[in-house]
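Trainee: mind looking at a prediction? Sequence and model below.
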2 protein chains.
Amino acid sequence: MSPALERVRIVMSHTTHPGNIGAAARAMKTMGLERLWLVNPRRFPDPQAEAMASGATDVLARARVCASLDEALTGTRFAVALTARRRDLSHPVMDVREAARMLIAEAEQGDVALVFGTEMWGLPKEGVMRAQRGAQFPANPAYSSLNVAAAVQVCAYELRMAAFGAPAYDNERFEAAAYEDVEAFYAHLERSLVASGFLDPAHPKRLMERLRRLFARARLEKEEVNILRGILAAWEQPNPRKKS
Amino acid sequence: MSPALERVRIVMSHTTHPGNIGAAARAMKTMGLERLWLVNPRRFPDPQAEAMASGATDVLARARVCASLDEALTGTRFAVALTARRRDLSHPVMDVREAARMLIAEAEQGDVALVFGTEMWGLPKEGVMRAQRGAQFPANPAYSSLNVAAAVQVCAYELRMAAFGAPAYDNERFEAAAYEDVEAFYAHLERSLVASGFLDPAHPKRLMERLRRLFARARLEKEEVNILRGILAAWEQPNPRKKS
C-alpha cells in the first residue's frame, strides 16, 4: 500500500442512504483506500451498508463516526471538498484529477481529506469553507448528478493514479521476431504468391508493400513467424493428402 | 454534446442485476454518454433499473437490447473490452485512461464500443477476443472487484476527460492587486507594526520577509488590499471610539 494513500481520509457528511456508504467503502478498497470517516450518517451501521460493501466490510468496520466535520478534519493538513455549485467568494476550484494530485502530494507530509456531501444537496457552504480547496467533476451540464458512491469511485481511482501513475502493462511478453526471420517470411510469402498466380512478377503493383505494411503494424512475434511459414508451406502443397 | 461521445456505445453483457443497468445509465448521462447496448440482460426493463437510473431513465428507454455481442458490435470500427484477468495470447491491454483516449480518437471516424462483462465473471475470453484491445483498472491487487456501474462511471468520466480535456476553472475572477498597491500595503503594514511596537526597526529579524511570503502565496486581489489597509487604519486608531 502506498504511504500516501494510507493518509487519505474519505469523509462522507450526513449521508442519507446506508447503501451508499457500503458502496463507497467497496469503491475505496478497490483503489487501496481504507480510511472512511462518517459525519452524522443517518443510519450506520446498517445491513444495507454491509450488503453493498461486498468484500470491503473491513473498511466499514474501521469507519470512524463523528458528530461534526470539524472532528473529521482534526489532524489533517489539507482538505478538498467536492462541490457541484460555484459560489461567489468561494475557494479555488479544481477538477478531481488535479485535486487528487494535490492531495497525494500533500499526503507526503501528513493526513489529508476529501469531503463528500449528501446525496441531495452536496456539502453546504460552511462545509466547503472548512476545506482549503473545492473540486468538481467535469460533468454533463445537462445532468451532473453523480451518485455519491460513484463519485467516491472516480476520486479513489484518481487518487490511485496520482499515487502510482498509470500501470505499466507487459504487453510484449512474447519474443519479437528478429529482422532476418521476418524478411525470410516476406520472401517466402512472395514466392508462394507468385507460385499461386496471385502475384504477377511482371506487374507486382504494390502488393508486397501493402502486406509489409499490415505485418509491420502487427509487430510479428517469433512464434507467429513460425506459424505463418508453416501455413505457407501447407498451402504450397498441391494436394493436402500428399503432406505427411 | 461532443460528436465523439455520441459515437461511443457502452455495451453491458449478460448483466445480472437490473439495478446495475440503471446505475450505469445514470453514470453515463452524468458524463454525456447516451448509447447503452445490453447483451442478454437477465431482467430488463425492470423497476429496479428505473429507480437506480434516477434522472437518466431516457438513456434506459433508448437502450438497445441484443441477443449477442456480435450484434452490439456490428457497425463499430474499434472496441475495447474491460477485463480483470490477464490471459496468455490475449489482446494488448491498456489502462482505462489510455483506452479512453484511444476510443475518442477512433470515434472521430465512426462508432466505437466499450464492453463490460457480468458482475461475477467479467467478460469471457471469447468476448474479449471480439474487441481489438483490453483495458484494466489500476486496482488494489488485494481487492480489485469494482462494481460494474462504478466501473462504467470511471470509464465514462475518462471518456469525457479525453473528449474535452480537463475543464478550465475561472478561479481568478476578481481583479488581482497591482504591484504598486501591494507594495503600498507592505509599507503600510510595516509602519503599523513599528508603531505598535511588534516590529523593532533596530532588530527587524525576518518579519517582513515572512509576511511577504504569506501574502505572496495568497496572491492578493485588489479589493483584498483595500480591506487589509482599512483594517490597518482601524488598528492604528489609539481608541476605536475616536474613529468616526
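Mentor: On my side now, so go ahead.

Trainee: in a strand, residue A:115, correct?
Mentor: Yes: per DSSP: H, G, I helix; E, B strand; the rest coil, residue A:115 lies within a strand segment.

Trainee: now it: how far from residue A:8?
Mentor: 11 Å (CB to CB, to the nearest Å). Quick note: C-beta positions are derived from backbone N, CA and C, even for glycine.

Trainee: now do residue A:34
Mentor: Using CB to CB, one obtains 9 Å as the distance from residue A:34 to residue A:8.

Trainee: next one: residue A:41
Mentor: 19 Å.

Trainee: also residue A:113?
Mentor: Distance of residue A:113 to residue A:8, computed by CB to CB: 7 Å.

Trainee: and the residue minimising distance to the centre of chain A, what element?
Mentor: Nearest to the centroid of the C-alpha atoms of chain A, with distances taken as CA atoms, centre = their mean, sits residue A:157, at 5.9 Å. For residue A:157, the enclosing helix or strand under DSSP states H and E is helix A:148-164.

Trainee: do the same with residue A:59
Mentor: Assigned by DSSP H and E, residue A:59 falls in helix A:57-61.

Trainee: tell me the mean pLDDT for that helix?
Mentor: For helix A:57-61, the mean pLDDT works out to 98.

Trainee: next: stretch A:31-38.
Mentor: Computed over stretch A:31-38, the mean pLDDT rounds to 98.

Trainee: close to chain B, is that stretch?
Mentor: Yes: legend: contact between stretch A:31-38 and chain B by CB under 8 Å from any CB of the partner chain is shown at A:31-32.

Trainee: ok, now stretch A:126-137?
Mentor: Yes: for stretch A:126-137 and chain B, the contact criterion (CB under 8 Å from any CB) is met by A:136-137.

Trainee: and that stretch, what's buried?
Mentor: A:127-128, A:130-137 (16 or more other CB atoms under 10 Å in any protein chain shown).

Trainee: could you export those as CSV, including distance to residue A:73?
Mentor: Output for the buried residues of stretch A:126-137, formatted as CSV (distance: CB to CB, whole Å):
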residue, distance to residue A:73
A:127, 10
A:128, 12
A:130, 6
A:131, 8
A:132, 10
A:133, 13
A:134, 15
A:135, 15
A:136, 20
A:137, 22
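
Trainee: which bits of chain A sit near chain B?
Mentor: Residues of chain A lying near chain B (CB under 8 Å from any CB): A:23, A:26-27, A:29-32, A:54-56, A:92-95, A:97-98, A:136-140, A:142-147, A:149-150, A:153-154, A:157, A:160-161, A:164, A:166-167, A:169, A:171.

Trainee: now these: which count as buried?
Mentor: Here, 16+ other CB under 10 Å leaves A:23, A:26-27, A:29-32, A:54, A:56, A:93-95, A:97-98, A:136-140, A:143-147, A:149-150, A:153-154, A:157, A:160-161, A:167, A:169 buried among these.

Trainee: can you list which of those are found in strands?
Mentor: Assigned to strands by DSSP state E, the following of these qualify: A:93-95, A:136.

Trainee: quick check: residue A:107 vs residue A:74, distance?
Mentor: 16 Å.

Trainee: neighbour count: these two, which is higher?
Mentor: residue A:107 (25 against 10; other CB atoms under 10 Å in any protein chain shown).

Trainee: could I get the contacting residues of that one?
Mentor: By CB atoms under 8 Å, 6 or more residues apart in numbering or on different chains, the residues touching residue A:107 are A:3-5, A:7-8, A:78.

Trainee: tell me the pLDDT at residue A:1?
Mentor: 62.

Trainee: could you count how many residues lie near the residue nearest to residue A:108 when sequence neighbours are not counted?
Mentor: Excluding its sequence neighbours, the residue lying closest to residue A:108 (CB to CB, 6 or more residues apart in numbering or on different chains) is residue A:4, at 6.3 Å. Residue A:4 sits with 19 neighbouring residues when counted by other CB under 10 Å.

Trainee: for chain A, which segments count as helices?
Mentor: Remark: helices assigned in chain A by DSSP state H are A:3-6, A:18-30, A:47-53, A:57-61, A:69-73, A:96-107, A:125-129, A:148-164, A:179-196, A:207-218, A:222-236.
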